[in-house]
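**Q** Here is my input; please provide its structure:
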Amino acid sequence: MSAFRTGRYNPERLPRLLRGVCPTAAVDSVLCVDPRELVRSGKRLLLLDVDNTLLAWRGTEVPPDVAEWVRAVLAAGLQVFVVSNTKRPKRLEALCGALGVPYVRDRFKPSRRMFLMAMERCGRGPEETIMVGDQLFTDVLGARRAGIEAIWVRPVSDREFVGTKISRLGEQILRHWLDRALEGER
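**A** All right, here's what the predicted structure looks like:
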């Protein structure tokens, strides 16, 4: 199977059925997401996944470079909101408290509900919002179902929940198609 490739996607290069799971871009890390570029493109709200996006699955501390990046995102004028379906609410509360950002915890992604709740709480619409996450079938698909653009990030770690490992097999298959829609690697 193909390796994780980065760049911007052109969904017009995909069969219509796959466009709903097509991210706007793929990057190696959240640190590769430029908050100034997001603001220039009209984004005002950045939604974030936690596990394997900001820190390793079940991690308890936000890496210093990620915390610094979140501060830069906030300083650029973006609102930041974490969307999570974790079964560990106290951990989520502690992590978001350390980052100084609000969160919503709700039913499993790709349900649109928590994405819509986050936008409502922040007073933003889908065109002003972007999601950053490591999973196609939860983060990207959930965001796209809510009308939100999404940036797909390379997972921070190989250690994952067993259900995530299964969905990664589907990602490997989809990656073959998504690679055809890459307009240029970064």
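
**Q** Now do the SS call for A67.
**A** Following DSSP: H, G, I helix; E, B strand; the rest coil, we place A67 in the helix state.

**Q** Mind jotting down where the helices sit in the chain?
**A** 35-40, 64-75, 89-99, 113-122, 141-145, 162-180 (DSSP state H).

**Q** Who are the contact partners of the closest residue to T53 other than its chain neighbours?
**A** Nearest residue to T53 in three dimensions, chain neighbours excluded: D134, at 4.7 Å (Cβ to Cβ, 6 or more residues apart in numbering). (C-beta placed from N, C-alpha, C; glycine too.) Residues counted as contacts of D134 (Cβ atoms under 8 Å, 6 or more residues apart in numbering) are 49, 51-53, 152-156.

**Q** now M119
**A** M119 neighbours (Cβ under 8 Å, 6+ apart): 45, 125-126, 129, 146, 148.

**Q** hang on, isn't M131 packed against G147?
**A** No: assessed by Cβ atoms under 8 Å, M131 is found out of contact with G147, at 10.8 Å.

**Q** Look at those two and report which has more neighbours.
**A** Taking other Cβ atoms under 10 Å, M131 and G147 do not tie; M131 has more neighbours (28 against 14).

**Q** Next, work out how far apart the more buried one and A3 are.
**A** M131 is 23 Å from A3, where distance means Cβ to Cβ, to the nearest Å.
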